[in-house]
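A.B. asks: requesting a structural model of the entry that follows:
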Amino acid sequence: MARQDFYKDAIQAFKEVTKLDPLHKVAWIHCGYCAERLAHWTREEDRRVDLFKKSLQCYKEAINIDQEDGDAWFDLGNAYRYLNQFENAIKAYERAISINPQDFDAYHNMSICYENLTSYREAIDCIKKALEINPSNERIQSRLRQLEVDKEIAEIGVESAGKGKIANEAIHLGISCLNERDYNNATEHFKKALEIYKEINSLTGQAYALRYLGLIFKNQGDWAESLKYNQDAHEIYSQIDHRPGMAETSHNSGFLYFRLNKVNEAIFEFHEATKLFKELNDISKLSDGLANLGLLYKKNGDLSKALGIFQEVYKIDLETNDKKHQAQDLQDIGLLTQELGDYNKSLDCFKKSYELYTGLDIQTGQTQQVENIKNLLRVIKKEQEITPQLRKKINETKRLLKID
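C.D. replies: Okay, here's the model as predicted:
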């Protein structure tokens, strides 16, 4: 109640501002936002609708002042969406995106509108564009999987829609239990969903349920059981030629084989995954998959191959300007080049990694690179001959890091 009073007072204050200056765009936007927030806290349906209409009008006033304010168009889209005017909301979000093509939230909210209109193909397209902007967002990845299931069920036929809804609800219950680490109930819900998806012949749904069943056993450290469910999901994804699903399950299998100490099988799966990630231009997952592949080749003693892969990972992380991963890549390259006897390269890598961690203010990373450099210097000290170039570089590094 106190919060509602604050919003009411804020609306009144912003109204006074707009009376004094009708062209005060920011006041109109804030007034609309406060009306929108108050609507969410209001229990009376008629009052809630009136408040959303008020917020809608405020955003329109702001847009009349500045047609190129992408945030105002986004807010307008939200107001239309809350009023279930989904076509108008989509138009507003499209205008917001035309002004700011990287508007992740506009793509996401537009997908919700299309979903409400049961236009699943368009909803999926919007989610995919959102993922291009933020590929590591697990919540959006999960939403994409759910939309693909809904689209498939809608295509199967109306008679399957009711059962599909029950299966989807079981999935959501399973996810809630999984988040609470209630693995027994989570397993029960996902298995129920799997059986229903089988009954209505929803292959995408079956793969979706199998993925979560695999995740339960992975979280519990039962690598063999997790691998079984993951491979079942992979088989379905391969059957329907679902490339993202095939890539994800191959990547997961690589991790699970590694945990089972089956290195050659893990290498094969990561090769399959990275090949697909390249085809899909999924740079973030490609980088992750290659890094795992490099570690496996290193574990197998193939240092030259591991080095080539880590250099490829570093190139990707340079292109995406991912400084944290660059720092880790340089450490991996430094350790490999040290083992291969290229001390000049190794020292350069540790030094660059240290500088990146310093710029990111990550103390643990800085400390690790200092230790790596000290260990390298101990190795070099045992060598009978040190080139003048390397000796100069050692002295410069010692001064920089204040190493004795």
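
A.B. asks: would you agree residue 96 is in contact with residue 73?
C.D. replies: Yes: with contact defined as C-beta atoms under 8 Å, residue 96 counts as touching residue 73 (3.9 Å). No exception for glycine: its C-beta is placed from N, CA and C like everyone else's.

A.B. asks: any idea which helix or strand in the protein has the lowest mean pLDDT?
C.D. replies: Least confident helix or strand, the chain: helix 388-401 with a mean of 78, by mean pLDDT, DSSP states H and E.

A.B. asks: which residues are in contact with it?
C.D. replies: Residues from elsewhere that reach helix 388-401, judged by C-beta atoms under 8 Å, 6 or more residues apart in numbering: 343-344, 347-348, 351, 354, 370, 373, 377, 380, 386, 403-404.

A.B. asks: which among those residues count as buried?
C.D. replies: Buried residues within the contacts of helix 388-401, counting neighbours by 16 or more other C-beta atoms under 10 Å: 343, 347-348, 351, 354, 370, 373, 380.

A.B. asks: show the pLDDT at residue 7.
C.D. replies: As predicted, residue 7 sits at a pLDDT of 88.

A.B. asks: with adjacent residues omitted, what lies nearest to residue 331?
C.D. replies: Excluding the flanking residues, the one nearest residue 331 by C-beta to C-beta, 6 or more residues apart in numbering is residue 353, at 4.9 Å.

A.B. asks: should've said residue 177
C.D. replies: Nearest non-adjacent residue to residue 177, counting by C-beta to C-beta, 6+ apart: residue 186, 3.7 Å away.

A.B. asks: which residues does that neighbour contact?
C.D. replies: Residue 186 makes contact with 174-175, 177-178, 212, 216 under the criterion C-beta under 8 Å, 6+ apart.

A.B. asks: dump the buried ones among the contacts of helix 388-401 to JSON lines, plus distance to residue 256, pLDDT and secondary structure.
C.D. replies: Output for the buried ones among the contacts of helix 388-401, formatted as JSON lines (distance: C-beta to C-beta, whole Å; pLDDT from 0 to 100; DSSP: H, G, I helix; E, B strand; the rest coil):
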{"residue": "343", "distance to residue 256": "37", "pLDDT": "91", "secondary structure": "helix"}
{"residue": "347", "distance to residue 256": "37", "pLDDT": "91", "secondary structure": "helix"}
{"residue": "348", "distance to residue 256": "36", "pLDDT": "92", "secondary structure": "helix"}
{"residue": "351", "distance to residue 256": "37", "pLDDT": "92", "secondary structure": "helix"}
{"residue": "354", "distance to residue 256": "34", "pLDDT": "93", "secondary structure": "helix"}
{"residue": "370", "distance to residue 256": "35", "pLDDT": "91", "secondary structure": "helix"}
{"residue": "373", "distance to residue 256": "35", "pLDDT": "91", "secondary structure": "helix"}
{"residue": "380", "distance to residue 256": "40", "pLDDT": "86", "secondary structure": "helix"}
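
A.B. asks: of those residues, closest to residue 31?
C.D. replies: Closest to residue 31 out of those is residue 354 (50.6 Å), distances taken as C-beta to C-beta.

A.B. asks: I'd guessed that closest one sits against residue 366; true?
C.D. replies: Yes: judged on C-beta under 8 Å, residue 354 makes contact with residue 366 at a distance of 5.8 Å.
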